[in-house]
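# I'll drop the sequence and a predicted model, then ask my questions.
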Amino acid sequence: SRHGVPHAGNFMSTEAVLITGAVDVMAVDVQCIMPALAPLADCYGTKFFTTNPRAKMEGAQHIEFHEHKPRQCTDKIVKEAIGRFKSRKVPIVIPQNKSLGIHGFSHEYINYMLGGTFRASYVPLNDNIINGRIRGVAGVVGCTNPRVRQDYVHVELVKELIKNDILVVQTGCSQIALAKAGLMKPDASVLAGDGLQEVCETVGMPPVLGLGSCVDNSRILIACAEMVKTGGLGDSIADLPVAGVAPEWYSEKAIAIGQYVVASGIYTVFGVTFPTIAETKFHKLLFDGLEQQGFGKWGFAKEPDEMAAMIIDHIDKKREALGIMGERERVLMDMADRQALEVEAGEID
Ligand code: SF4
């Protein structure tokens, strides 16, 4: 929720919320707008506005949003909503089912959650990846797609990943799908593998962490950069046992986001469809060549179990390369051990 106002849903819910009759006004800007919204809003007496000159729609009234004078637009829309509220004509039917999700795990909060005020750091995360309790981290992000059964791919994929001790981080509409399935609460850790469950219970966190909207994927990259900086997991993001996946992507911008994630060094799997032709030079570059150049690479699969298997294989490949495959006992070092390590490091320099 924002300012205590809960989410009504995600992209796939935008038509359904109008059918409650309780939406006095709907305003849209440039993306993720179902084409039937304007005539549907008309059926239920909801006022429907576009706000961006690049995305006017037939059947909508236009109130332009200017970044430097935002209130001019928003005040008008609020007044229109108040007017419609006073003259609602359709019966109001609001479903009473509610789901709880704990969201808002920013990079800063993850630091605090793992180490408190005095010892805020990613060390516990890296330690638990190195000792094998957490196998790796997967970013499961983005759109929900009307071409597949609602929420199915997101939910089944994430269940499979956490069962295999892979911590999941999230952005975008995917979070609502998983909150509806009860996966974004701390008690969802009962569905995780033994290692991940132990970490979640110790920290008091869910096995699935929501980091923000679909334009907040850079937060996941910041977390990856922090994991590299913290140490023990290689020299670049490309060395980390991590992967990204947008299992039901549909928006064009998902491709741009996916490519910057790949360019940052992360294996990125997309579902539903992929807009290149297999066996072409370009396709081979995306799915193989980029990795050989030290970047990440693209992957494609339709079924959640297939995606999970690809991600687990990739994470295991990275663990193998880091020499942390299999569980390792945590070694508690005393001062003499540390001094010996420092001497060794000095000799290497
Ligand atoms: S996650 Fe996808 S569907 Fe949802 S708002 Fe972002 S681009 Fe649109």
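Ah, there it is.

# alpha carbons only for contacts and neighbour counts from here, please
Fine.

# Phi, psi for the residue in the stretch 201-349 of the chain positioned nearest to the ligand please.
Of all residues in the stretch 201-349 of the chain, C214 sits closest to the ligand, at 4.6 Å by Cα to the nearest ligand atom. Here is the backbone geometry of C214 (degrees, to the nearest 10): phi -70, psi -10.

# who touches it in this structure?
The contact partners of C214, by Cα atoms under 8 Å, 6 or more residues apart in numbering, come to V141, G142, T171, G172, C173.

# can you map out the helices along the stretch 151-300 of the chain?
Using DSSP state H, counting those that start in this stretch, the helices found in the stretch 151-300 of the chain span residues 152-163, 174-180, 194-203, 217-230, 252-263, 281-284, 290-292.

# Next, format those helices as CSV and append mean neighbour count and distance to L322.
Output for the helices of the stretch 151-300 of the chain, formatted as CSV (neighbours: other Cα atoms under 10 Å; distance: least, Cα to Cα, whole Å):
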stretch, mean neighbour count, distance to L322
helix 152-163, 22, 21
helix 174-180, 24, 31
helix 194-203, 19, 19
helix 217-230, 18, 12
helix 252-263, 17, 20
helix 281-284, 14, 26
helix 290-292, 15, 17
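
# Show me the one of those helices that comes nearest D24.
helix 174-180 (22.7 Å; Cα to Cα).

# what's the closest non-adjacent residue to the residue in the stretch 101-250 of the chain positioned nearest to the ligand?
Closest residue of the stretch 101-250 of the chain to the ligand, Cα to the nearest ligand atom: C143 (3.3 Å). Distance criterion Cα to Cα, 6 or more residues apart in numbering; nearest residue to C143, sequence neighbours excluded, is W249 at 4.8 Å.

# so the one you found sits right up against P146, yeah?
No: if you go by Cα atoms under 8 Å, W249 and P146 don't touch, sitting 10.0 Å apart.

# Looking at those two, which is more packed in?
Comparing W249 with P146 by other Cα atoms under 10 Å, the one with more neighbours is W249, at 22 against 12.

# what is the mean pLDDT for stretch 36-52?
In this model, stretch 36-52 has a mean pLDDT of 96.

# How about stretch 82-102?
Mean predicted confidence for stretch 82-102 is 92.

# Quickly note the distance from Q339 to L233.
22 Å (Cα to Cα, to the nearest Å).

# Oh, that last question was meant for G115, not what I typed.
In terms of Cα to Cα, G115 sits 19 Å off from L233.

# Out of the two, name the residue with the larger neighbour count.
Using other Cα under 10 Å as the criterion, G115 and L233 rank with L233 on top: 23 against 16.

# Go ahead and name everything in contact with the top helix by length along the chain.
Longest helix in the chain by number of residues, with DSSP state H as the criterion: helix 304-322. The contact list for helix 304-322, computed with Cα under 8 Å, 6+ apart, reads 135-136, 138, 153-154, 156-157, 160-161, 233-234, 239-243, 247, 267, 269, 300-301, 325.

# Now for I82: which residues touch it?
By Cα under 8 Å, 6+ apart, I82 lies in contact with D24.

# Mind checking what secondary structure it has?
At I82 the chain is in helix, as set by DSSP: H, G, I helix; E, B strand; the rest coil.

# The ligand contacts on the stretch 101-250 of the chain?
Within the stretch 101-250 of the chain, the residues that sit near the ligand (Cα under 6 Å from any ligand atom) are G142, C143, T144, G172, C173, C214.

# The nearest residue to A223 once chain neighbours are set aside: how many residues sit nearby?
Once flanking residues are discounted, A223 sits nearest to H107: 5.9 Å by Cα to Cα, 6+ apart. When neighbours are counted by other Cα under 10 Å, H107 registers 18.

# surely H107 meets N217?
No: here H107 does not reach N217: they are 11.3 Å apart, not a contact under Cα under 8 Å.

# Between these two, which contacts overlap?
Contacts common to H107 and N217, judged by Cα under 8 Å, 6+ apart, are absent.

# what residues are up against I176?
Counting by Cα under 8 Å, 6+ apart, I176 has contacts G9, N10.

# typo on my end, I33
F11.

# And for A179?
With contact set as Cα under 8 Å, 6+ apart, A179 has these partners: S99, L100, G101, K185.

# what about the nearest residue to the last one once chain neighbours are set aside, how many residues close to it?
Taking Cα to Cα, 6+ apart as the measure, K185 lies nearest to P206, with 5.0 Å between them; neighbours along the chain are not counted. Counted with other Cα under 10 Å, the neighbours of P206 add up to 26.

# L209 now?
There are 26 residues near L209, going by other Cα under 10 Å.

# Just list the residues touching the residue lying closest to I222 once chain neighbours are set aside, thanks.
Leaving aside its sequence neighbours, I222 sits nearest to H107 (Cα to Cα, 6+ apart; 7.0 Å). Each residue near H107 by Cα under 8 Å, 6+ apart is listed here: R219, I220, I222, A223.

# Understood, closing this out.
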